[in-house]
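J.: next comes the sequence, and after it the predicted model I'd like to discuss.
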Amino acid sequence: MEEKKKRCQPRWVSPECREVPLKLYNSLTRDKEIFVPQNGGRRVTWYNCGPTVYDASHMGHARSYISFDIIRRVLSSYFGYDVFYVMNITDIDDKIIRRARQNFLFEQYRAAPNSSSTVVGDGKIAVEKLRQKILQEEDKDKKAMLERLVSAADEALANPADETALWTALKDPLADWLDSKMGSTVTDHSIFNKLSRHFEEEYFADMKALNVLPPDVVTRVSEYVPEIVEYVEKIIAQGFAYEYQGSVYFDTNKFDKSNGHFYAKLLPEAFGDEKALQEGEGDLCQGAQKKSASDFALWKASKPGEPEWDSPWGKGRPGWHIECSVMASALLGESMDIHSGGYDLKFPHHDNEIAQSEAYFGNDNWVRYFLHSGHLTISGCKMSKSLKNFVSIKDALKKNTARQLRLAFLLHQWKDTLDYSENTMEIAMQYEKVFNEFFLSVKDVLRVSGNTATESFLKWTKDESQLNLVFQNSRQNVHSALCDNIDTRSALDALRESVSAANVYMREKKAAKTPLNAVLLRSIASYSTYILRVFGAIETPDSIGFPTGSGGDCDSVEALVTPYLTTLSDFRDEVRTLARETKQLDILKVCDALRDDVLPELGVRLEDHEGQPTVVKLSDRETLLREKQAKLKAEEKRRLEKEAKKQEKAAADAEKDRIRRIAPQDLFKSETDKYSAFDETGLPTHDAAGKEVSKGLQKKLKKIQQAHEKKHQEFLAEQGSRAS
């Protein structure tokens, strides 16, 4: 019995894990719980609410994709769990159905022979319909979105000669208007499937570009309709659902009052929130007859213009919530370790999943740990494709690399809100630069340190001992952070501590011209690489630092070209030395051009250090060219600032000369807004209102005039000397 108990206990990767068990924030309990898989071993079953494919391509959803990819990697690559990761694809959804119909009808309309002559008139009707929607819309975000559409359409209609702009601006208004008139005539399933497959391909392309690991299994709703029908039949048989006019609804009140169950486990305070329930049900389900407003559809009777399947209750399609329950249960059984999704899925989606699944299985532990990622905002506003307020993943990757985006996510707690902004990305890029520069510096140390034991294993001084102390403390802090709700921000900060200490160590040793301990530096770089690889920020295996090649085996590329680069660098150093001795400035310029212009195009950086060999760093071309552009931009900024200061000084000097030219007796005569009368020496006697100037002010003005007279005489003397 004791042996069996011992086998069932989690087997951790390292001794530290037994001392500090992994704690995960569980949305079910709203607390950090010690994570132990249900089978007591190393296998973890995980179901992730994947994308509704129509809405999958923007950075708001990437918040979940990348965050859960990081957690998954940490569980498997750091803690050693065998994670079985299942993800669904929602390819039957109100938004997909509506958009597929609208796209089809719009393209048909545009392809019609007379569309060019009717588009302006029909466009005006469609825009007017949108204006009426704006008057009825209560949601301020949706209202703002509709107002933007109307404004763009009005502008295009005012200039119909620009046909391209006209069709672009009128697409949404016309598509919505056409759908309201003819949507019920669209019955071909392939129209809906085509759009779903298109968005699914885009989604997986985006995931590959973001370096998100593919799931072990992908389930599509359209492939599980028979299983969904059987699942709903059993829930009806259990007494927790009822049929009405071809639709089937889950009875939330009956479920909540039954022994061992209660509804809205994740968000009890949302029970009865009709607005949230309506958003979960979709607007194609409005006007349904239900026993309670909180009841939700397991099966929807299809309306004209919607895809449909056979069922015991007539032609219909699955409700949104039932999809995940059926697909997860089909692969993971009556209980799973982890279920994940975005924070906004807590209610009603995940709460409804829990209710219908526990009603089906007759248990109260369908999910052991619920993980919900935080929102992603732009300047504090939630992203939404339907509200036209989003940044696509493709556009984000045009501005930043996948690694930089991942670092931005790593620098925030996975369950907290992340604001996607220039400042956020600037911080992420700074972290990337710190680690990259460290890796390149260590690689250079390893390049020049030699391979013999005598050269590699140097006696440790207090400097190495102190650096190692920081390193070991950093490792412990990284581990503690990952055990504490996978706190990647604290882990990165801890990792950076040892990197910073290593940088100081290298700088001081080089300044003192004493040998560097390459073995210790390699250990720090290897561990940092390992953690960043665990996080998915480094893709290539068994190397130090970020990849430096452009395809193929990056380590082999580096190993192959480094000896040649070293030879080139050494030759350049000799040429520069001879050029300095013989004062051949043109040759020095050629050497600088090789460093600044030629080699960066090949992904090579040379760093010149006075009195020391040139440092060779192999990086990627794009990074070096961005650095070059940033350097040129900074130099141009300094040049412009210098030019501006020069112009300001010239203007100030010109103004001083202008004043110095003025004869002392004329100094105040131009100030007619202050003075109206002057004496024979040019001193003011009366102010602008005709009032006599006080003796005190006259005395002060006299001193100013005398000081100016001295400057005027100096000016006359300068002019005389120039003339002679």
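T.: Okay, I see it.

J.: confidence score at the nearest residue to residue 358 once chain neighbours are set aside?
T.: Using C-beta to C-beta, 6 or more residues apart in numbering and skipping the chain neighbours, the partner closest in space to residue 358 is residue 366 (5.3 Å). The C-beta positions use only the backbone N, C-alpha and C, and glycine is treated the same way. Per-residue pLDDT puts residue 366 at 96.

J.: in the stretch 151-300 of the chain, where is pLDDT below threshold?
T.: 276, 279-288 (pLDDT under 70).

J.: one step back: what's the neighbour count on the residue nearest to residue 358?
T.: For residue 366, the tally of surrounding residues (other C-beta atoms under 10 Å) stands at 24.

J.: mind listing what it touches?
T.: For residue 366, the contacting residues are 334-336, 353-354, 357-358, by C-beta atoms under 8 Å, 6 or more residues apart in numbering.

J.: scan these and report the most crowded one.
T.: That'd be residue 353 among the contacts of residue 366, by other C-beta under 10 Å, with 27 neighbours.

J.: would you say it is within a helix?
T.: Yes. The assignment for residue 353 by DSSP: H, G, I helix; E, B strand; the rest coil puts it in a helix.

J.: my guess is it meets residue 326, correct?
T.: No. At 9.9 Å, residue 353 does not count as touching residue 326 under the criterion of C-beta atoms under 8 Å.

J.: what about the strands in the stretch 401-550 of the chain?
T.: 418-419 (DSSP state E, counting those that start in this stretch).

J.: any stretches of it with poor pLDDT?
T.: 450-456, 542, 548-550.

J.: next SSE downstream of the host helix or strand of residue 275?
T.: Using DSSP states H and E, residue 275 maps to helix 274-281. Next helix or strand after helix 274-281 toward the C-terminus (DSSP H and E): strand 296-301.

J.: starting at the chain centroid, how far to the helix or strand following that next one?
T.: Remark: after strand 296-301, the chain's next helix or strand is strand 316-318, criterion DSSP H and E. Here strand 316-318 shows a centroid-to-chain-centroid distance of 36 Å under the convention C-alpha atoms, centre = their mean, to the nearest Å.

J.: give the buried residues for strand 316-318.
T.: By 16 or more other C-beta atoms under 10 Å, the buried positions in strand 316-318 come out as 316-318.

J.: from the rest of the structure, what touches it?
T.: With C-beta under 8 Å, 6+ apart, strand 316-318 has contacts from 92, 221, 225, 228, 246-247, 298-302, 306-309.

J.: if you set the cut-off to 10 Å instead, what comes out?
T.: 90, 92-94, 97, 221-222, 224-225, 227-229, 231-232, 246-248, 284, 297-303, 306-311, 326 (C-beta atoms under 10 Å, 6 or more residues apart in numbering).

J.: out of these, which are buried?
T.: Using 16+ other C-beta under 10 Å, the buried ones in the contacts of strand 316-318 are 90, 92-94, 97, 221-222, 224-225, 228-229, 231-232, 247-248, 284, 297-302, 306-309, 311, 326.

J.: OK, contacts around residue 474?
T.: 491, 493-502, 524, 527-528, 531 are the contacts of residue 474 under C-beta under 10 Å, 6+ apart.

J.: buried subset of these?
T.: 491, 493-499, 501-502, 524, 527-528, 531.

J.: of those, which is the nearest to residue 609?
T.: Each of these was scored against residue 609 by C-beta to C-beta, and residue 502 proved nearest at 17.6 Å.

J.: that closest one is in contact with residue 524, isn't it?
T.: Yes. Here residue 502 reaches residue 524: they are 5.1 Å apart, a contact under C-beta atoms under 10 Å.

J.: hey, what's in contact with both of these two?
T.: Counting by C-beta under 10 Å, 6+ apart, the residues touching both residue 502 and residue 524 are 438, 442, 467, 470-471, 474.

J.: identify the residues contacting residue 362.
T.: 234, 238, 260-261, 334.

J.: closest to residue 658 among the residues you listed?
T.: residue 261 (90.2 Å).

J.: for that closest one, which non-adjacent residue is closest in space?
T.: Closest to residue 261 by C-beta to C-beta, 6+ apart is residue 255, at 5.4 Å.

J.: what's around the one you found, how many residues?
T.: Using other C-beta under 10 Å: residue 255 sits among 21 other residues.

J.: that one should be in a strand, yeah?
T.: No. Read with three-state DSSP, residue 255 is helix and lies in no strand.

J.: pretty sure it is touching residue 271, no?
T.: No. At 11.3 Å, residue 255 does not count as touching residue 271 under the criterion of C-beta under 10 Å.

J.: joint contacts of these two?
T.: Shared contacts of residue 255 and residue 271, defined by C-beta under 10 Å, 6+ apart, comprise 262-263.

J.: what's the helix or strand for residue 62?
T.: Using DSSP H and E, residue 62 falls in helix 59-73.

J.: and after that helix, which helix or strand comes next?
T.: Once helix 59-73 ends, the next helix or strand along the chain (criterion: DSSP H and E) is strand 82-89.

J.: by contact count, what packs against that next one?
T.: strand 43-48, helix 59-73, helix 189-209, strand 217-220, helix 320-332, strand 336-342 (3 or more C-beta pairs under 10 Å, 6 or more residues apart in numbering; DSSP states H and E).

J.: angle of the helix or strand where residue 234 lies against helix 320-332?
T.: Using DSSP H and E, residue 234 falls within helix 225-237. Interaxial angle, helix 225-237 versus helix 320-332 (axes from the mean of the first three to the mean of the last three C-alpha atoms, to 10 degrees): 100 degrees.

J.: what about helix 225-237, distance to the chain center?
T.: With C-alpha atoms, centre = their mean, you get 40 Å for helix 225-237.

J.: and the contacts of the next helix or strand after that helix?
T.: Using DSSP H and E, the helix or strand that follows helix 225-237 in sequence is strand 241-244. By C-beta under 10 Å, 6+ apart, the surrounding residues in contact with strand 241-244 are 232-236, 248-251, 254-255, 288-291, 295-299, 301, 311-314, 322, 356, 359-360.

J.: redo that, cut-off 7 Å
T.: For strand 241-244, contacts defined as C-beta atoms under 7 Å, 6 or more residues apart in numbering pick out 232, 235, 248-251, 289, 291, 298, 313.

J.: tell me the contacts of residue 704?
T.: Residue 704 neighbours (C-beta under 7 Å, 6+ apart): none.

J.: identify the bridge partners of residue 45.
T.: Applying DSSP bridges to residue 45 gives these bridge partners: residue 84.

J.: what is the burial count for it?
T.: If you count neighbours by other C-beta under 10 Å, residue 45 ends up with 22.

J.: contacting residues around it?
T.: 84, 332, 336-337.

J.: and the longest helix for the chain?
T.: For the chain, the helix with the greatest residue count under DSSP state H is helix 621-661.

J.: so which elements touch the next helix or strand after it?
T.: Sequence order places strand 675-678 as the next helix or strand after helix 621-661, per DSSP H and E. Under the contact criterion of 3 or more C-beta pairs under 7 Å, 6 or more residues apart in numbering; DSSP states H and E, strand 675-678 touches strand 684-687.

J.: which helix or strand lies directly C-terminal to the strand it packs on?
T.: Sequence order places helix 695-723 as the next helix or strand after strand 684-687, per DSSP H and E.

J.: in that next one, what's buried?
T.: 701, 705, 708, 711-712, 715.

J.: closest one of those to residue 22?
T.: For the buried residues of helix 695-723, the residue nearest residue 22 by C-beta to C-beta is residue 711; the value is 78.6 Å.

J.: hang on, isn't the closest one packed against residue 660?
T.: Yes. At 5.0 Å, residue 711 and residue 660 qualify as touching, with contact defined as C-beta atoms under 7 Å.
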